[in-house]
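> Below is the sequence, then the predicted model.
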Amino acid sequence: MPTFIVEGVRGRPEMVPFGGDATRPSTTASLTGAIAATPGLVLQESGDGFYPPRVTVRGSGLQSAPVSRGLVLRLDTLPFNAADGSFNLALLEPGFFRASTFLPGANDSAAAVQALGGSLDLSWWRSLRETQSDLAITAGSDGFVHAVARAENGQPYGPHSTYSNPFWAGAVAFTRSDGWRSNSEQERTALAGRAEWSTLGGSSHSLSVYAARADLCVSGPLTLAVAQQNPASITAAAAADLPRRSTDYARVVYRATWKDGFEAALGVQATDDEFRQLRANGISNTRGGDVLGRVAGEWRIVDLKIMSGMLGAVGERRQERFTNVGGRPGSQFADLRLRAQTLTAWTDAEWKPARLVSVKGGFSVLAARRQVRGTATAEGTVSADEIAPRIEIAAFPSQRRLVEVFVRAARGAETPTFDDLLTARGAAPNLALGWSQLRLQTADTLEAGIRGRFGERDTGNDWISFECTAYTADWHNELLRLADANGAALGTVNAGPTRHRGIESAVRWRLLNGERTLDLAVTHTWSDALFEHDPVNGDNHLAGLPPHAGSAQLTFAQKEGVFAVAGASWIWGRTYADHGNRLSYSGHTLANAKLGWKAQRWRFGVEVYNLLNRRYIASTSGVIDLARTPATTALFLPGSPRAFIGSFEYRW
């Protein structure tokens, strides 16, 4: 069960704990469930188990499923993303993390020119209140099995963890599912290790290792009618081509911090990815790695607080492309060298002209380069640079500073990834790879909001925390990744002017305190993205973005004995599948529940997802420019039917 953490009004939003979320299925294996309660994130499933969800942040990343850009994922302050900005959510094992903190791009100086959506910081699982070792096993419908084992030596943080007596922790996890559709089997193995120690002078050091192998078969999309009437089926093309993605990933990070506010981190990561897509796109084998480095610090000059930092990422990969002949590699049509360099720097200054007012201003700088060499038809280079300023004014209506009102204006930017720049062209088996010359996408955002808390969480029943942010953003050169009605890639283009707007809100309320607790958590996001007088699409809605998304969860807990969680998640309104707004699907509301018993060292639970066994459209496999024949357009991914999941956890 989640324990929501609020410590007054802080410079960063709340940490949202992982696990126990009844608004999504099998949350201990699925990143979808782990971050579903985060305000501002719009999550749409692309399959059951640990299939990567489509994560949309203020419209960023809505063009593909699974999403591969629009968000910076950080662990130990370094991006999980590759140097070109892409990422694969299937590689993340939620059982290794304790909580996440989300920052919109307009509120995160370090990510402002990396991804227009913002950043999601992951925290390692260790907590001082946890026991030293634990084992958790989850099993459920359709052959689903998830097991996580974690151990640590119990040394505390800080100066007691010395070079000769460091803190260490390790974990291993395994997940497997047969899936409820044909060709939807999946398997993931992951391991992590971490050591921390302190030295004389107050500096602390850490070394972490993360590795994962993910193997996912892909059922593929259906037409709207078939997805609603026969959701367990797959198309003839998917049955013949057997789409599948297998990825090996490894990462090592060293990080050091000093008492005077300085920190530095250096990381190396390697990836070996085989992605077998439908015949229209072929098979890609991509191997290579990235080197990432970060330095940051804080200074105080009289009443001025200055925060500055720099992040650099360099990556090189070899990518081979083959035709897909019945699920096997056919003739090669591309052999490429992909090189990416991204350098970002930021500086912020915070000044408090009055006790209850603060002013923060600064800027971020981007210098990026994407280069492809090898096959002549796909060669090209994109260079981008940008200076993104921002300013924020915050006020606290009361002396206790428990409520904050803020107004913020900021510019953000995002460079195209290699998936944006490279597109398969032609008809199988005569495929070729083409290069798209794209520009940097930028957004100018104005937002205003309020957040705060009332009451004392540990002593009263009236504790409540809330946040609400309204924004509007003018996007320029928005990257639109398109496919035709058969799923073949049409490539990515830069759109004309577009406007994104929305309201992000969350309320967390402790209704009952003491030996027994009762917590209510509600999040809701309203989003709207429109073309602005586009010569082709007029003022249509951009495809792929649901107008309303949210979740509600009621959690009953006690130190020992029965615990219960009841939850619901929803997608409301008409979501368009094409920019021409000819093809759309309606929303849904899903009810879920969890009941269990916990003792001092063990916990047992039973969970039911999609309690009423609703049929619904989870998301689309992408978006298209115009649905010329809506009835035969296969884009829709059906949602999972009712599933039963049992879990057992033992700690020692």
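Okay, I see it. Numbering: from 1, shown residues only.
> Can you tell me the SS state at residue 467?
strand (DSSP: H, G, I helix; E, B strand; the rest coil).
> from what I can see it touches residue 521, true?
No - using CB atoms under 8 Å, residue 467 is not in contact with residue 521, being 12.0 Å away. Yep, even glycine has a C-beta here, placed from its N, CA and C like the rest.
> anything in contact with each of those two?
Taking CB atoms under 8 Å, 6 or more residues apart in numbering as the criterion, residue 467 and residue 521 both touch residue 506.
> where does the chain have low pLDDT?
Scanning the chain for pLDDT under 70 picks out 1-15, 17, 19-30, 62-67, 127-131, 154-164, 401, 456-462, 483-489.
> Output stretch 91-100 in PDB with nothing but the alpha carbons.
Provided in PDB are the C-alpha atoms of stretch 91-100 (Å, rounded to 0.1, in the frame of the first residue of the first chain):
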ATOM      1  CA  LEU A  91      13.700  -2.700 -19.000                       C
ATOM      2  CA  LEU A  92      12.700  -1.000 -15.700                       C
ATOM      3  CA  GLU A  93      12.000  -3.400 -12.700                       C
ATOM      4  CA  PRO A  94       9.600  -1.500 -10.300                       C
ATOM      5  CA  GLY A  95      10.500  -3.800  -7.500                       C
ATOM      6  CA  PHE A  96      14.000  -2.200  -7.400                       C
ATOM      7  CA  PHE A  97      12.600   1.200  -6.700                       C
ATOM      8  CA  ARG A  98      10.800   2.800  -3.600                       C
ATOM      9  CA  ALA A  99       9.300   5.900  -5.100                       C
ATOM     10  CA  SER A 100       9.300   8.400  -8.000                       C
END
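> And that stretch, what's buried?
91, 92, 93, 94, 95, 96, 97, 98, 99, 100 (16 or more other CB atoms under 10 Å).
> Show me the beta-bridge partners of the last one.
Read that as residue 100. Counting by DSSP bridges, residue 100 is bridged to residue 16, residue 122.
> check contacts around it.
Residue 100 touches 15, 16, 18, 34, 35, 38, 120, 121, 122, 123, counting by CB under 8 Å, 6+ apart.
> again with the first one
When contacts are counted by CB under 8 Å, 6+ apart, residue 91 touches 80, 188, 190, 212, 214, 247, 249.
> switch to 7 Å and redo it
Applying CB atoms under 7 Å, 6 or more residues apart in numbering to residue 91 gives the contacts 212, 214, 247, 249.
> Take these and keep only those in strands.
212, 214, 247, 249 (DSSP state E).
> Return the member of these nearest to residue 181.
Residue 181 has its nearest neighbour among these in residue 214, at 18.1 Å by CB to CB.
> backbone phi and psi for the residue lying farthest from the centre of the chain, please?
Relative to the mean C-alpha coordinate of the chain, counting by CA atoms, centre = their mean, the farthest residue is residue 302 (38.7 Å). Phi and psi for residue 302, reported as degrees, to the nearest 10, are phi 60, psi -120.
> What's the separation between it and residue 407?
When distance is defined by CB to CB, to the nearest Å, residue 302 is 25 Å away from residue 407.
> next one: residue 178
Residue 178 is 51 Å from residue 407, by CB to CB.
> With residue 468 instead?
Using CB to CB, residue 468 is found at 13 Å from residue 407.
> same deal with residue 135?
Residue 135 is 49 Å from residue 407, where distance means CB to CB.
> Also residue 197?
Taken as CB to CB, the span from residue 197 to residue 407 is 43 Å.
> neighbour count winner among the two?
The residue with more neighbours, out of residue 197 and residue 407, is residue 197; 20 against 13, by other CB atoms under 10 Å.
> Let's verify the more buried one: helix, strand, or coil?
Under three-state DSSP, residue 197 falls in the strand class.
> Run a quick check on it versus residue 207, I expect a contact.
No - counting by CB atoms under 7 Å, residue 197 stays clear of residue 207, with 8.9 Å between them.
> Kindly state the beta-bridge partners for residue 466.
residue 452, residue 507.
> what residues are up against it?
Residue 466 makes contact with 451, 452, 506, 507 under the criterion CB under 7 Å, 6+ apart.
> Residue 265: which of those is nearest?
residue 451 (29.1 Å).
> Shouldn't residue 377 be within a helix?
Yes - assessed with three-state DSSP, residue 377 lies in a helix.
> so how far is residue 339 from it?
Residue 377 sits 18 Å away from residue 339, going by CB to CB.
> okay, the two: which has more neighbours?
Taking other CB under 10 Å, residue 377 and residue 339 do not tie; residue 339 has more neighbours (18 against 13).
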